[in-house]
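> This is a predicted model, with the sequence first.
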Amino acid sequence: EIKHFYSSPGLAEAGTARTFAKLKAAITDGVEVVTVASEYCYNVQVLTDPGLNGLDEQHLAWLLKESYTKAFKTTSTFSVDDGNTFVVEVGPRLNVTTAWSSNAISICQHVGLQQILRIEQSRRYQVTTNAAITAEQQAALVASLYDRMAECVYVNPIESFDIKVEPEPCYYVDVMGKGKAALKEASDHLGLAFDDWDLDYYTSLFRDTMGRNPTSVECFDMAQSNSEHSRHWFFGGRLVVDGQEQPLSLMKLVKATQSNTKPNNSVIAFHDNSSAIKGFTVPVLRPEHTDQPSTHVYHSAVERDLLLTAETHNFPTGIAPFQGATTGTGGRIRDVQATGRGAHVVAGTVGYCVGNLHIPGYTLPWEDESWVYPSNMATPLDIEIEASNGASDYGNKFGEPVICGFTRSFGLKLSNNERREWIKPIMFSAGLGCLEAVNAAKKEPTVGNLVIKIGGPAYRVGMGGGAASSVDIQGGNDRAADLDFSAVQRGDAEMEQKMNRALRACVERDAGNPILSIHDQGAGGNGNVLKELVEPVGAEYRISNFKKGDPTLSSLELWGAEYQENDALLLGKEDREFLERVSERERVNVDFVGEVTGTGKVVLIDDTDNNHGIEKPVDLDLQHVLADMPRKVFKSDRLPSTLQPLDLPEVDIRAHLDRVLRLLSVGSKRFLTNKVDRSVTGLIAQQPCVGPLHTPLADVAVTALSHFTTVGTASSIGEQPIIGLVDVAAGARMSVAEATTNLVFAPITQLADVKASGNWMWAAKLAGEGAA
């Protein structure tokens, strides 16, 4: 049964004030919001036998109450007395158990409340206006109160968490009979963003080479695993500029820089989840036994290398800023974890680029109020606030400090009447870490190795993220908004920390690291990571071996969902018991999902009762879908510049200075630095805020390799995108110059030891942009 407990007030004073401001901005036509009150409703699923007794309810109330709670009871404090007042309840979508619920249940079970199965927190608002409102006006007010990606309106109190969803059956796509048209239809239905090249290649692969129809799961698999997001087709493709094919791809141009550095301190470059350079030999403390309570042992000389990874999570952050940024941070943390045979997370850096902010009541002369923004994207102001909240929240909960960053807001109409603005934002996330030199190289898969998934259970989230974030490169811009929302994930920092502790127990095991190879789960879900891990040897997996957080998952969703806080690793059979002991101690799920076979194929066997006659939803030869795929061709022509000479308006120099100081990139960053951990771990030698008042920002971030030494990593950021609008080459040079000059405040070994990680975000399919 579902029991309801109401806690009043729900929001603290500051939260109530923010909600009131949102409501006032959401309605016009002479109607004003007079008051808003809130309460939390805790929807608690309880076993009927045994149920909750009075003492149990007291314990539950003690766990759920906030410090400012005035009333906690089984009935609502709200009542509607007149036509100017309405009550609305919003909460999480019920098809996904929230991260909050997962952790609440874990706490309940460890304090003796085993009869509680699930708790979801909803918010109830009582809104009063100065006059009666229409249904449309009420809908506008309600829409401002929740995040439609992760939440919904509860028309009635929740009576059950069971949702009437039947898993969509796997089916065959009739390529043998209908050819390319069948694949195009599947692409539109599943949101695969196949371009003409994809349609031609996969039609030929299945019809001519394999001689069979693909399953819907295989189509989804290839769309994610081989998307621009995952495979970097543009960087590795054949570039034709002004009719002339370039001798080198962009990837080869970047890789060529390694041959110019002598001596070269690179340890990992272009072939793992992060890059690493040669570090130092340092003393460290480690547990004597990592799978049980034990003393710590001082190791005087451990060789550790320096690690950096950087990526962006732009598309999900534009759709759902808070969730997109949390999962962007979580995914980047897993990139650090999954480097080599396992690495250590130390610190993070961040960056946000958004369009014009249009802050209510704060008009800026360069902002055009008539500009229109897509309905399926959050506003630049919401992205700037909520994305930074999400990234900070995840880092704070995980225990990773943010020690460097940047932010920009920009929107301008150029002289050719072209609007340039970050509509799709940039959410940049980089990680600093370290790894033992002995763990720098992954081991090749061999027949009999166990394939393990460790972390959170499978949910219907992050569906199609690889294809969704690649549409500007691959085409398919007519995607339905519902598909975009399906592509965003959920974040659970506590689960990631549990997984991190289990992996660290493996990496620091005195008898040797049992992990042979490890990859983090990202875009494409199992369909991507479980192929990468066993390439080129192959493996066989069974659906019944995967733990489902949502029992209604179809085979396509299980294979393709980018559910978070999950890594895949290879393990010898002799180490299975060790990993099970560690995972049980850390209360993190571990699934032994399959075994390396040596057939060169990845096979997913549906051994459940509802496979609809398709025993193998996936049966793919790895060399066809990963190794031997031909390069794509990208054609672009240079366009003449239409820039005009600089013409500053005739105003007082103080007015110019006033405008400059109001730029997001120039003004105070307290709204970013004051809400995030900046020095946790004890390894931060230079955090972002300096001076006695912690107001100025540091140019360089410095972390230590050990608590017993003064050597480590110095890192800085350079970004000059606005200069790039005037001169692309100058923007690139100035970005490198900024990063390098920011680095001078830390003593380094030598300039040749400095390595750069470049993050490339460019609308390459727009006319002239691919040739820039």
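Cool, the structure landed.
> what is the mean pLDDT for the longest strand out of those in the chain?
Ranked by number of residues, the top strand in the chain under DSSP state E is strand 296-312. Model confidence over strand 296-312, given as mean pLDDT, is 95.
> With stretch 28-37 instead?
86.
> Would you mind listing the buried residues in it?
31, 33, 36-37 (16 or more other CB atoms under 10 Å). C-beta here means a position set from N, CA and C on the backbone, and glycine is covered the same way.
> where along the stretch 1-150 of the chain do the helices fall?
With DSSP state H, counting those that start in this stretch, the ranges of helices along the stretch 1-150 of the chain come out as 13-26, 54-64, 99-110, 135-143.
> what's the second one packed up against?
By that I understand helix 54-64. Helix 54-64 is packed against strand 2-8, helix 99-110, with contacts defined by 3 or more CB pairs under 8 Å, 6 or more residues apart in numbering; DSSP states H and E.
> could these go into JSON lines alongside distance to Val142 and mean neighbour count?
Shown next, in JSON lines, are these (distance: least, CB to CB, whole Å; neighbours: other CB atoms under 10 Å):
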{"stretch": "strand 2-8", "distance to Val142": "20", "mean neighbour count": "18"}
{"stretch": "helix 99-110", "distance to Val142": "22", "mean neighbour count": "16"}
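> looking at these, which is closest to Ile383?
helix 99-110 (21.3 Å; CB to CB).
> Quick check: neighbours of the longest strand of the chain in the sheet, parallel or antiparallel?
With DSSP bridges as the test, strand 296-312 is paired with strand 275-287 (antiparallel), strand 426-436 (antiparallel).
> any idea which of these is most buried?
Among the strands paired with strand 296-312, ranked by average contacts under mean count of other CB atoms under 10 Å, first place goes to strand 426-436 (a mean of 26).
> if you average pLDDT over it, what comes out?
Strand 426-436 carries an average pLDDT of 95.
> helix or strand right after it?
Remark: after strand 426-436, the chain's next helix or strand is strand 450-455, criterion DSSP states H and E.
> mean confidence for that next one?
96.
> Pull up the pairing partners for it, direction included.
strand 566-571 (antiparallel), strand 590-596 (antiparallel).
> Residues touching the first one, excluding its own?
To tie it back to what came earlier, the one meant is strand 566-571. Here strand 566-571 makes contact (CB atoms under 8 Å, 6 or more residues apart in numbering) with 334, 337-338, 443, 445, 449-456, 499, 503, 514-521, 526, 529-530, 533-534, 579, 596.
> what about 7 Å?
Strand 566-571 has contacts (CB atoms under 7 Å, 6 or more residues apart in numbering) with 334, 337-338, 445, 449-456, 499, 514-521, 529-530, 533, 579.
> Give me the buried entries from these.
334, 337-338, 445, 449-456, 499, 514-521, 529-530, 533, 579.
> does Asp658 sit in a helix, a strand or a coil?
Under DSSP: H, G, I helix; E, B strand; the rest coil, the three-state class of Asp658 is helix.
> if you skip the residues just before and after it, what's nearest to Arg212?
Leaving aside its sequence neighbours, Arg212 sits nearest to Phe206 (CB to CB, 6 or more residues apart in numbering; 6.2 Å).
> helix/strand/coil for the one you found?
From three-state DSSP, the assignment for Phe206 is helix.
> I'd like to know how many residues surround Leu145.
20 (other CB atoms under 10 Å).
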